[in-house]
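1. Quick one: sequence and predicted model below, then my questions.
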Amino acid sequence: MSHTPRTRTVLSCSLLVVALCVGGTACGESDDHPLSAKPYDAARQIVFNGPTGNQKADPDKPLEVTSKGGEGRITDVTATDAVGRYVAGELSADGTRWHTTVPLAAAAHYTLHVSTEDKEGAPGNKVITFDTGTPKQKNTLEVSFGPDEGTYGVGQPVIAELSEPVKDAASRKIVERGLKIESKPVVDGAWYWIDDQTLHYRPKEYWPADSKITVRSNLNGIKVADRLWGEETKPLNLTIGDRIIAVTDASAHSMTVYRNGEEINEIPVTTGKPGYETRNGIKVILGKEYFVRMRGTSIGISSSSSDSYDLPVYWATRVTWSGEYVHAAPWSVGSQGAANVSHGCTGMSTGNAAWFFETVKEGDLVKVINSNGEDMDAFGNGYGDWNLDWGDWEEGSSLIGKAKDRRPPAAQIARLRPQV
């Protein structure tokens, strides 16, 4: 077999490669296109309102970068502090002005990366670094996260308690942006302002079983309001256990307990009798007490009333602050599974109450259905957070609210480009 054709093929390929290399070299040597130029120093093209020399910037004042008239335009500005926090800002549509839209942190080091282009489209850049000073007069805003570090059920909300009231909408937005929740797996969730000093965070759906949650604050050094600055806060780590939900059907006098979607027990119970009906709705387990002394006077029943009681109660699992429990009620075993005779608690045999006590944990859920009682309050008497649907929950966020103002990530806000 002749090898001539193969030799010709090799030669042809060689010539093609040479031709391509020549073409590539020609393109590489061309510097006519502005994007092929090395960025120039944009210092002559921009004006920065920050400090010079060893001076420090006033954290109360916004930053501003402007382009000199006729010298081109600003195309991008990114501002970060030493710990990687982005500073949100806005760039005008014509590229002549960029300014911050959130407060700077006090006693922090900042880096600005400014990108520009001249009238011919050639790119320029400038890196600016500076420090901020400390306000002469300030109050501190401390944040306390809850619950305590540990393992909880899928219904456990995250709590943020503020040391000072935060009332106005702008300040609330600053606080809410600074409170960060990271979970594995990632969930869709939001903060809800219970009052001026308390926020709750929950996902749209229950936490996934076996989730890992980290709660932290980025408010350290950030101005929240006039003379009010954020303080450093210790992060909080939480673990979510199995998905345990107990469904109490008051009309059927029965509680069914599920773990990760599978039924693990069905328990005969008694719930609140007429006039003392158990609240309907979803309740988060608040704690467990082996022994509780229950008295009718604690819920407003006179000691002289025929409804008065004073009982030693064991294996008590609390679901409201006002005193609703799931507990052992050996005195009502004959009614359990058949009638509702309690003053609002869910009663069961001592053996079943002990089993329930040992099976559940804080953050697990007790859902009461088909009771003639009132609905569980969303707030104020335990954690009734899950009795709000997701749309109503979003209304309690200062960042979402009625306008559903979902802001893009801070990094994206800080890098807004002009519209051309």
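-> Nice, thanks for sending it over.
2. For the rest of this, base every contact and every neighbour count on C-alpha atoms.
-> Fine.
3. all strands for the stretch 101-250 of the chain, in order.
-> Remark: strands assigned in the stretch 101-250 of the chain by DSSP state E, counting those that start in this stretch are 109-117, 123-131, 139-141, 143-146, 150-152, 158-162, 179-184, 189-195, 198-203, 212-217, 223-225, 228-230, 236-240, 244-249.
4. so can I have a markdown table of those showing mean pLDDT?
-> What follows is these, written out as a markdown table (pLDDT from 0 to 100):
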| stretch | mean pLDDT |
| --- | --- |
| strand 109-117 | 90 |
| strand 123-131 | 88 |
| strand 139-141 | 92 |
| strand 143-146 | 98 |
| strand 150-152 | 98 |
| strand 158-162 | 98 |
| strand 179-184 | 97 |
| strand 189-195 | 97 |
| strand 198-203 | 98 |
| strand 212-217 | 98 |
| strand 223-225 | 92 |
| strand 228-230 | 92 |
| strand 236-240 | 98 |
| strand 244-249 | 98 |
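5. Residue 265 is nearest to which of those strands?
-> For residue 265, the closest of the strands of the stretch 101-250 of the chain is strand 244-249, at 9.3 Å, according to C-alpha to C-alpha.
6. Identify all contacting residues around that closest one.
-> 153-154, 254-260, 360, 364-371 (C-alpha atoms under 8 Å, 6 or more residues apart in numbering).
7. Keep only those of these that are in strands.
-> In this view, the contacts of strand 244-249 that belong to strands under DSSP state E are 254, 255, 256, 257, 258, 259, 365, 366, 367, 368, 369.
8. so who does the residue nearest to the third one when sequence neighbours are not counted touch?
-> Once flanking residues are discounted, residue 256 sits nearest to residue 266: 4.4 Å by C-alpha to C-alpha, 6 or more residues apart in numbering. When the contact criterion is C-alpha under 8 Å, 6+ apart, the partners of residue 266 are 254, 255, 256, 257.
9. Could you identify the helix or strand that succeeds the strand or helix carrying residue 266?
-> Following DSSP states H and E, one finds residue 266 within strand 262-268. Next along the chain after strand 262-268, taking DSSP H and E as the criterion, comes strand 281-284.
10. just checking, what packs against that next one?
-> For strand 281-284, the elements it packs on are strand 365-369, judged by 3 or more C-alpha pairs under 8 Å, 6 or more residues apart in numbering; DSSP states H and E.
11. got the angle between the strand it packs on and strand 244-249?
-> Between strand 365-369 and strand 244-249, the angle comes out at 20 degrees (axes from the mean of the first three to the mean of the last three C-alpha atoms, to 10 degrees).
12. Strand 365-369: partners in the sheet, and parallel or antiparallel?
-> Strand 365-369 sits in its sheet next to strand 244-249 (parallel), strand 281-284 (antiparallel), going by DSSP bridges.
13. Distance from that strand to the middle of the chain?
-> Computed by C-alpha atoms, centre = their mean, to the nearest Å, the chain-centroid distance of strand 365-369 equals 25 Å.
14. circling back to that earlier point, the strands paired with strand 365-369 into CSV, with extra columns for distance to residue 380 and mean neighbour count?
-> Below are the strands paired with strand 365-369 laid out as CSV (distance: least, C-alpha to C-alpha, whole Å; neighbours: other C-alpha atoms under 10 Å):
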stretch, distance to residue 380, mean neighbour count
strand 244-249, 22, 23
strand 281-284, 12, 26
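15. among the ones you listed, which is nearest residue 56?
-> Residue 56 lies closest to strand 281-284 among these, at 49.4 Å (C-alpha to C-alpha).
16. how about the next helix-or-strand element following the closest one: buried residues?
-> For strand 281-284, the following helix or strand on the C-terminal side (DSSP H and E) is strand 287-295. By 16 or more other C-alpha atoms under 10 Å, the buried positions in strand 287-295 come out as 287, 288, 295.
17. In its sheet, which strands sit next to strand 287-295, and in what direction?
-> Sheet partners assigned to strand 287-295 using DSSP bridges are listed as strand 310-318 (antiparallel).
18. what's the distance between the helix or strand following the strand it pairs with and the middle of its chain?
-> Note on strand 310-318: by DSSP H and E, the next helix or strand toward the C-terminus is strand 325-328. Relative to the centre of its chain, strand 325-328 is centred 33 Å away, using C-alpha atoms, centre = their mean.
19. So which elements touch strand 325-328?
-> strand 310-318, strand 346-348, helix 350-359.
20. ok, the ones in strands among the contacts of strand 244-249 vs residue 42, which is closest?
-> Relative to residue 42, and with distances defined as C-alpha to C-alpha, the nearest of the ones in strands among the contacts of strand 244-249 is residue 365, at 59.6 Å.
21. Quick check: beta-bridge partners of that closest one?
-> Applying DSSP bridges, one finds that residue 365 bridges with residue 245, residue 284.
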